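Asks: One predicted model, sequence on top.
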Amino acid sequence: AEEAEAVALGGLLGAYAFSRYRTGGDQKAPVADLTVLSGAPGETAERASVLAESVALVRDLVNTPPSDLWPAKFAEIAERTGAEAGLSVEVLDDKQLRDGGYGGLIGVGQGSANPPRLVRLSYTHPEAAKTLAFVGKGITFDSGGLSLKPSASMDWMKSDMGGAGAVFGALVGIARLGLRVNAIGYLCLAENLPSGTAQRPSDVIHSYSGKTVEVLDTDAEGRLVLMDGIARAAEDNPDAIIDVATLTGAQIVALGWRTAGVMANDDELRELVVEAAGAAGEGAWGMPLPEELRKGLDSPIADIANLQPERWGSMLAAGIFLKEFVPDGVRWAHIDMAGPAFNKGEPYGYVPKGGTGAVTRTLIGLAERHASASNQ
């Protein structure tokens, strides 16, 4: 059954095509039907189908240009598709975010005509004993803000919402599979653009947790929206929080385009995430959070700065920054998948060019492991 499922899943993932904007005759038609001839056909085909459709949902979102996917539009898709999958969906608009003290989301999104959103998706099972919270970075386009990126680094920044996409796809998949676990997803959605209203380097923002942050670089914006999402997720009292983000170019420098970095405040949780990624065929590697790097985030006027002055270890420093917003006693892991979320090269295996849907199956696998733990 496992082998049959693997073949089915590989076929479905490899058949993916994004042809929404093609007007010529070169559209690639995806596989319409899949027939499993052996190995618990019904169950095998169903799980393979759910996983593949969850990944395809994420790939479609990542591939969609920012002109057609801004924060409110993403939230609208999450409301509609989430409700169809049986999820409870709550959306906070920019006024509610401002009134609620979500300074990170407001600060990052204030330079755009498309204001930020925070989407909360929840799935509950009556027999669940475990609750997982997933938090996804959802920058629908990242210009870098006033700390403007070079043009060569900007043309694929429609993929900067890949973390929120993975969380969304995973929640839909968990609900469709009916896993015996409670799962909550937060999509931290904003568009990071330069304008007369954009946040400035040296601004100080007030996070949802109450801590103040000095913004030294507006292109280190992902951690600013995530800090609000993580602090909010902690209020749900989950057994673990896992955040997912296309967070740093340093992840690509350290681990390449296909391997995500995993950091955590709990060694067992870090290894569980790496194990789930490996089982799903998604590359991930456990990374440390060296205490000595925390000093580089000191600010002379705020509780913490959003960037350290030196480049060295900047993937790890970003993880250390996020750790500051995790309450004591809460297990937390951070997945930096800046490279794996988007394939700029040629297709390989069952991974297409463009959006990959990376980490979606890892999150579903984590939910399955916690569901199994609930049954023991």
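Replies: Ah, there it is.
Asks: Return the residues in contact with residue 366.
Replies: 132, 242, 272, 273, 276 (C-beta atoms under 8 Å, 6 or more residues apart in numbering). No exception for glycine: its C-beta is placed from N, CA and C like everyone else's.
Asks: Equivalent analysis for residue 345, please.
Replies: 257, 353.
Asks: now swap in residue 103 and tell me
Replies: So residue 103 contacts 205, 206, 207, 208, 213, 228 (C-beta under 8 Å, 6+ apart).
Asks: at 6 Å instead, please
Replies: Taking C-beta atoms under 6 Å, 6 or more residues apart in numbering, we find residue 103 in contact with 205, 206, 207.
Asks: quick one: the first one is in a helix?
Replies: This means residue 205. No. Counting by DSSP: H, G, I helix; E, B strand; the rest coil, residue 205 falls outside a helix, being strand.
Asks: Spatially central residue in this protein, please.
Replies: residue 163 (1.7 Å; C-alpha atoms, centre = their mean).
Asks: among the contacts of residue 366, which are in strands?
Replies: Counting by DSSP state E, the part of these found in strands is 132, 242.
Asks: Report the next helix or strand after the lengthiest helix in the chain in sequence order.
Replies: Criterion DSSP state H: the longest helix present in the chain is helix 41-63. As assigned by DSSP states H and E, the chain's next helix or strand after helix 41-63 is helix 71-84.
Asks: in that next one, what's buried?
Replies: By neighbour count on 16 or more other C-beta atoms under 10 Å, the buried set for helix 71-84 is 71, 72, 73, 74, 75, 77, 78, 79, 81, 82.
Asks: Contact partners for the fifth one?
Replies: I take that to be residue 75. 91, 117, 119.
Asks: Among these, pick out the one closest to residue 35, please.
Replies: Nearest to residue 35 out of these is residue 119 (C-beta to C-beta; 36.5 Å).
Asks: Point out where the stretch 251-376 of the chain drops to low pLDDT.
Replies: Scanning the stretch 251-376 of the chain with the threshold set as pLDDT under 70 gives 374-376.
Asks: Helices of the chain, start to end?
Replies: Using DSSP H, helices in the chain cover 2-14, 41-63, 71-84, 94-100, 103-109, 162-177, 222-234, 249-255, 267-279, 314-323, 360-375.
Asks: could those helices go into CSV alongside distance to residue 348?
Replies: Shown next, in CSV, are the helices of the chain (distance: least, C-beta to C-beta, whole Å):
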stretch, distance to residue 348
helix 2-14, 10
helix 41-63, 15
helix 71-84, 28
helix 94-100, 40
helix 103-109, 33
helix 162-177, 18
helix 222-234, 26
helix 249-255, 16
helix 267-279, 17
helix 314-323, 24
helix 360-375, 17
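Asks: on that earlier part again, can you give me the buried ones in the longest helix of the chain?
Replies: So helix 41-63, judged by 16+ other C-beta under 10 Å, has buried residues 44-52, 54-63.
Asks: and it, what other elements does it pack with?
Replies: helix 2-14, helix 162-177, strand 354-355, helix 360-375 (3 or more C-beta pairs under 6 Å, 6 or more residues apart in numbering; DSSP states H and E).
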